[in-house]
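Enquirer: Okay, sequence plus prediction incoming.
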Amino acid sequence: MSGPSTYQPQNGFLKWLEQRLPIGGLVHSSFVAYPTPRNLNYWWTFGGILSMMLALQIITGVVLAMHYTPHVDLAFNSVEAIVRDVNYGWLLRNMHAAGASMFFIAVYVHMFRGLYYGSYKAPREVLWILGVIIYLLMMATGFMGYVLPWGQMSFWGATVITNLFSAIPYVGESIVTLLWGGYSVGNPTLNRFFSLHYLLPFVIAGVVVLHVWALHVAGQNNPAGVEPKTEKDTVPFTPYATIKDGFGMACFLIFFAWFIFYMPHYLGDPENYIQANPGVTPAHIVPEWYYLPFYAILRSIPSKLGGVVAMFGAIVVLAFLPWLDSAKTRSSRYRPLAKQFFWIFVVVCVLLGWLGGKPAQGVYVVIGRILTFCYFAYFLIVLPILSRIETPRTVPNSIADDVLAKSKGRSSVASAVVALLAIGSLFAFGTQDAKAADHGNTPPSLSWSFSGPFGKYDRGSLQRGYKVYKEVCATCHSMNLVHFRNLADPGGPGFSAAQAAAVAAEYKVQDGPNDAGEMFERPGRVADKFPAPFPNDNAARAANGGALPPDLSLVAKARSYERGFPQFIFDFFTQYQEQGPNYIDALLQGFEEKPPAGFALPEGSYYNKYFPGHAIKMPKPLSDGQVTYDDGAPATLPQYAHDVTTFLMWAAEPHLEARKRLGMQVMIFLVIFAGLLYFTKKKVWANAH
């Protein structure tokens, strides 16, 4: 489609280079003069968005790999060290983690667009199959990347998913052992996954090159589904498609930036802020939201082998679409029955995603089996039958004729937007439901100074919270990720460097060995981490009735609860992510002297109405008058709970203020940039109509 190059370099050096390595001609013919159908809508922009996201994921991934340590004892802390100690490490981590979700959002839009407009039909079969291969590689890459932080959901997700290969007859156990590098998920597994996660994006990039090559050979499909016939049907790729894609990318970046700077934990799982523990299984093991439909298909089949075959078959069947759908008319715009069944299929995918976040029990299993049948029936029954019985509407004679009638079909675009919003909301709802289904009473939603786009920490509350932590919490709980120097960091409690050094000197820190080979104690330094109250976990359990007090460094992000529908949707627009602080504050005030009638409280436990299961080993830690504040603030339980919760939120998110401040600057820039691109696009395209 791109044809011979008409590129003629003017510079002498460029002429010499072009004769020996015609890169300029290749770029000019493929990305400048390349004839593009003039009726492409914004759904085609997602191809450019995917290229942008792939480049972004590779760049951020390479930089993160420079600081990551692929070892089971160090991986979790190395990720937190990136966030806390590397310059703009929090930005790199948020871009990479949220970028995975953005990547899959874009690819699902890209795939549904291809399904709707028949982009898999001849002569684009190879183009479509390469896209399916890219999708499979993306899923493998995303899964391996999810394991690398080595949190609870990372570890158990790896255990469950890799175990699926054991269902393969004869060779299944050998495959699992090879993946694990042993007989359980451990350090060899993490090393293998890190290596593959680093390598596969470059493989994806290579297949993307083939994908683009196939696109330029067969030419782009278009909403009308007719091939270009005359020059009136096409426009040069540059400036027309490039400026249109640029505007679409800018709008997508605004959406992306919302997650990076204001909602970085919205699509994640709080369990992953708890270091992997093979001895403690999460209540619900669920994958990331973009795997939920296939996870639902897997669980809907009673047989383990059958579930694995169905799960992979749900993806592989896409590669056979060019032959399953033999209808001559490409675009569903002109196929009334195909259009209706397409939207039914979209609803089926959304509901499968919702079910993937539900427990595999009761009516959910029955619904899952029905929807799994509907999923495969669309490809194996509906499309082949429609190819033979459907009478399509009249297709435009040319792309130019379609442009003249472009006002038609706007309602379908609007319905597509609504459907895509429904996909995202229901997937998020399914994930939210699985995250916190076992929590006790829902904590009240409180007002926090650090919430919202302009949120900041209350310095007085941080300093009072540190006092409560030091005098009460630190007797049992560690804070292994926080250094004394952090007390003087910008955006923190506001201690001076001298005050932070004085605080550190109050502690005794074990060091050594010295020249005699012996361990010794010394006064703390600002470079030291807050010392743990117990020498090891066994000592901590022995002093706390057999329960291990959790480290408090990340507890404000590791605790959550279900906000419910539609509240979690409102949370997205209001940037509400304070479930953790709400829960901690409520927990500290939720102790009751006597359990309700009929509740069997285990011996050595205490009743707390907000704790999951209500039986907690920790006795009531705070009471009125327990800590004396120097600034005259009320010495009451609600004040203590509020202050120490604020301090723990800062411990978990020390760069929150910098994140939101930079986010506001980036959002303003992107909005202005998108506006300029829009008006430029209008000016450029005015010449094409």
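Expert: That came through fine.

Enquirer: what about residue 100, neighbour count?
Expert: 21 (other CB atoms under 10 Å). Where you see a C-beta, it was placed from the backbone N, CA and C, and this is true even at glycine.

Enquirer: Look up how far residue 233 lies from the residue lying farthest from the centre of the chain.
Expert: The C-alpha centroid of the chain is most remote from residue 516, which lies 50.7 Å away (CA atoms, centre = their mean). Residue 516 sits 86 Å away from residue 233, going by CB to CB, to the nearest Å.

Enquirer: what does residue 14 give?
Expert: In this view, residue 14 and residue 233 are 32 Å apart by CB to CB.

Enquirer: which of the two has more neighbours?
Expert: Per other CB under 10 Å, whichever of residue 14 and residue 233 has more neighbours is residue 233, with 22 against 14.

Enquirer: For the closest residue to that one other than its chain neighbours, list the residues it contacts.
Expert: Closest residue to residue 233 apart from its sequence neighbours, by CB to CB, 6 or more residues apart in numbering: residue 399 at 3.8 Å. Counting by CB atoms under 8 Å, 6 or more residues apart in numbering, residue 399 touches 37, 38, 39, 222, 224, 226, 228, 229, 232, 233, 234.

Enquirer: hmm, 6 Å instead?
Expert: By CB atoms under 6 Å, 6 or more residues apart in numbering, the contact list for residue 399 reads 37, 39, 224, 228, 233.

Enquirer: What's the first helix or strand after the helix or strand hosting residue 108?
Expert: Applying DSSP states H and E as the criterion places residue 108 in helix 89-117. Sequence-wise, the next helix or strand downstream of helix 89-117 (DSSP H and E) is helix 125-147.

Enquirer: Report the angle between that following helix and helix 89-117.
Expert: 150 degrees (axes from the mean of the first three to the mean of the last three CA atoms, to 10 degrees).

Enquirer: Quick one: list the elements packing against helix 125-147.
Expert: Contacts defined by 3 or more CB pairs under 6 Å, 6 or more residues apart in numbering; DSSP states H and E place helix 125-147 against helix 152-163, helix 187-218.

Enquirer: pLDDT on the next helix or strand after the longest one, on average?
Expert: With elements assigned by DSSP H and E, the helix or strand that comes after helix 187-218 is strand 234-236. Mean pLDDT, strand 234-236: 93.

Enquirer: do the same with stretch 404-412
Expert: Across stretch 404-412, pLDDT averages out at 55.

Enquirer: repeat for stretch 113-130
Expert: Here the average pLDDT along stretch 113-130 is 97.

Enquirer: which residues are contacting that stretch?
Expert: Contacts of stretch 113-130 (CB under 6 Å, 6+ apart): 43, 210-211, 214-215, 218, 221, 223, 225, 319, 321-322, 330-332, 342.

Enquirer: Narrow these to just the buried residues.
Expert: The neighbour count (16 or more other CB atoms under 10 Å) marks 43, 211, 214-215, 218, 221, 223, 225, 319, 321-322, 330-332, 342 as buried among the contacts of stretch 113-130.

Enquirer: And the helices in the stretch 551-689 of the chain?
Expert: Secondary structure of the stretch 551-689 of the chain (DSSP state H, counting those that start in this stretch): helices at 555-558, 567-574, 579-589, 637-652, 656-686.

Enquirer: Which secondary structure element of this structure has the lowest mean pLDDT?
Expert: helix 410-435 (a mean of 50; mean pLDDT, DSSP states H and E).

Enquirer: what's the following helix or strand after that helix?
Expert: Assignment by DSSP H and E places the next element after helix 410-435 at helix 459-471.

Enquirer: What is that following helix packed up against?
Expert: Looks like helix 459-471 contacts helix 637-652 (3+ CB pairs under 6 Å, 6+ apart).

Enquirer: Show me what counts as buried in the helix it packs on.
Expert: Buried-residue list, helix 637-652, by 16+ other CB under 10 Å: 637, 639-652.

Enquirer: Could you do stretch 262-282 as well?
Expert: 262-276, 282.

Enquirer: What mean pLDDT does it get?
Expert: Taken as a whole, stretch 262-282 has an average pLDDT of 92.

Enquirer: contacts for that stretch?
Expert: By CB under 6 Å, 6+ apart, stretch 262-282 touches 76, 94, 101, 149-156, 554, 557-558, 560, 575, 577, 663.

Enquirer: Where does pLDDT dip in the protein?
Expert: 1-5, 406-440, 689 (pLDDT under 70).

Enquirer: can you do 50?
Expert: 1-2, 407-413, 416, 426-427, 434-439 (pLDDT under 50).

Enquirer: do you know how far residue 105 is from residue 267?
Expert: Going from residue 105 to residue 267 by CB to CB gives 10 Å.

Enquirer: try residue 181
Expert: Relative to residue 267, and taking CB to CB, residue 181 is found at 30 Å.

Enquirer: ok, now residue 666?
Expert: 19 Å.

Enquirer: Could you do residue 12 as well?
Expert: Residue 12 sits at a distance of 53 Å from residue 267 (criterion: CB to CB).

Enquirer: before we move on, the earlier item: pick out whichever of the buried residues of stretch 262-282 sits closest to residue 112.
Expert: In terms of CB to CB, no member of the buried residues of stretch 262-282 lies closer to residue 112 than residue 267, at 19.5 Å.

Enquirer: if I pick residue 484, what's in contact with it?
Expert: 500, 503, 504, 526, 528.

Enquirer: do that again at 7 Å, thanks
Expert: Neighbouring residues of residue 484 by CB atoms under 7 Å, 6 or more residues apart in numbering: 500, 503, 504, 524, 526, 528.
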